[in-house]
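> Give the three-dimensional model of this entry:
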Amino acid sequence: MHSETAPTYLHKNPVIVLGMHKSGTTLISETLHASGIAMIDTTQEGGYDDGNKMEREATRCLNIALLGCEDLESVRITQSLDVATTTLDQRAHGRAVLETASRNGAWGFKDPRTLLTYDYWEDLIGTPQLVGIFRDPAEVFRHYARRPWWRWIRQDPMYIPAAMHAWCVYNDALLTLARRRPDMLLLDYAAFMSSPLEMSRLEKHLGVPLVDRRIEGMRRAVANRTKAYVIMERVERSWYGLDASHIQAELLALRSAQIKMEEHYA
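Okay, the predicted model is just below:
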């Protein structure tokens, strides 16, 4: 499906894919791009394992500039942007990015950092089409904790706590925004990978037939609340007052409420 045949509203109101790192945002972006909604600036070769995260370069770079996080690892970028502090030049830059991206039809972008800069983009766009995806914190934690623990402790003892904190910050922001914008579609990564329901919900939400880009076996980390995970969850509650299990439960409950509403109006 070509972008010019996508619904007209997608030409003016871009699709913004929101979610924590390692939560499925790349897969959603790849799916939309293959379905005629341009999610990147240019053709990029390779898949996720080749470093192609399906992020529009212009919006990604602007998010980094807005947050002043050029030299920070992704899990250490957790401070939300105060939109009141943005400059006229930054707003003009954003308008230029949006004008360029919208010239060729239906489009969108994804970058986990957008959860920290969302108010900036909403001020410029108005009402973008929102798709949020979340993943069990134990699955995401397992990704970051793959390497032997002694190696993390020796090289960077705060990396694992930082990863847990990032999950909580990003998904708490997702939850807050989903409550504020009930028209956001909330997807569960585990369900998206294991059943047709989430793909069907995404199609109906956007009104676009989708090309299925899921690959069996790509869900490499499964939820396993190990002793290390439980310890990090307790540390996060103690240090920051954020509870990963509670945030996850609230996201799941909100998604379930959406599904009931969708079924009611089907």
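> who's in contact with the residue nearest to residue 93 when sequence neighbours are not counted?
In space, not counting the residues next to it along the chain, residue 93 is nearest to residue 62; the distance is 6.2 Å by C-beta to C-beta, 6 or more residues apart in numbering. In short, each C-beta sits where N, CA and C put it, glycine included. Residues touching residue 62, when contacts are defined by C-beta atoms under 8 Å, 6 or more residues apart in numbering, comprise 90, 93, 94, 97.
> In JSON lines: those residues, plus pLDDT.
Listed next are those as JSON lines, based on pLDDT from 0 to 100:
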{"residue": "90", "pLDDT": "97"}
{"residue": "93", "pLDDT": "97"}
{"residue": "94", "pLDDT": "97"}
{"residue": "97", "pLDDT": "95"}
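> Would you list the phi and psi of the residue nearest to residue 93?
For residue 62, the backbone dihedrals are phi -70, psi -40 (criterion: degrees, to the nearest 10).
> How about residue 236: what's its closest non-neighbour residue?
Spatial nearest neighbour of residue 236, chain neighbours left out: residue 164 (4.9 Å); criterion: C-beta to C-beta, 6+ apart.
> That neighbour reaches residue 234, doesn't it?
No: assessed by C-beta atoms under 8 Å, residue 164 is found out of contact with residue 234, at 9.9 Å.
> Who has more neighbours out of these two?
It is residue 164, of residue 164 and residue 234, that has more neighbours when counted by other C-beta atoms under 10 Å, with 26 against 12.
> Walking through the stretch 1-150 of the chain, point out its strands one by one.
Read by DSSP state E, counting those that start in this stretch, the stretch 1-150 of the chain holds these strands, from start to end of the chain: 15-18, 108-110, 129-134.
> Any idea how far the first one is from the middle of the chain?
Its chain's C-alpha centre lies 7 Å from the corresponding centre of strand 15-18 when counted by C-alpha atoms, centre = their mean, to the nearest Å.
> Low-confidence stretches in the stretch 101-250 of the chain?
Within the stretch 101-250 of the chain, the ranges that satisfy pLDDT under 70 run 147-153, 217-222.
> residues contacting residue 68?
With contact taken as C-beta under 8 Å, 6+ apart, residue 68 is in contact with no other residue.
> if you go through this protein in chain order, where are the helices?
Secondary structure of the chain (DSSP state H): helices located at 9-12, 25-34, 57-67, 88-101, 114-125, 137-144, 149-155, 159-180, 189-194, 197-206, 227-240, 244-265.
> Pick the most deeply packed of the ones you listed.
When the helices of the chain are scored by mean count of other C-beta atoms under 10 Å, the highest mean neighbour count falls to helix 25-34 (a mean of 24).
> what angle sits between it and helix 114-125?
40 degrees (axes from the mean of the first three to the mean of the last three C-alpha atoms, to 10 degrees).
> Please compute how far helix 25-34 lies from its chain's middle.
When distances are taken as C-alpha atoms, centre = their mean, helix 25-34 is centred 11 Å away from the chain's centroid.
> Please apply the same query to stretch 193-201.
On the basis of C-alpha atoms, centre = their mean, stretch 193-201 sits 17 Å off its chain's mean C-alpha point.
> hmm, who's touching it?
Contacting residues not belonging to stretch 193-201 are listed as 24, 31, 185, 187-188, 191-192, 210, 212, 214, 218-219, 259, 262 [C-beta under 8 Å, 6+ apart].
> For those, give me a markdown table that also has distance to residue 199.
Written out in a markdown table, the entries for the contacts of stretch 193-201 read as follows (distance: C-beta to C-beta, whole Å):
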| residue | distance to residue 199 |
| --- | --- |
| 24 | 12 |
| 31 | 8 |
| 185 | 12 |
| 187 | 9 |
| 188 | 12 |
| 191 | 10 |
| 192 | 7 |
| 210 | 6 |
| 212 | 6 |
| 214 | 8 |
| 218 | 14 |
| 219 | 15 |
| 259 | 14 |
| 262 | 14 |
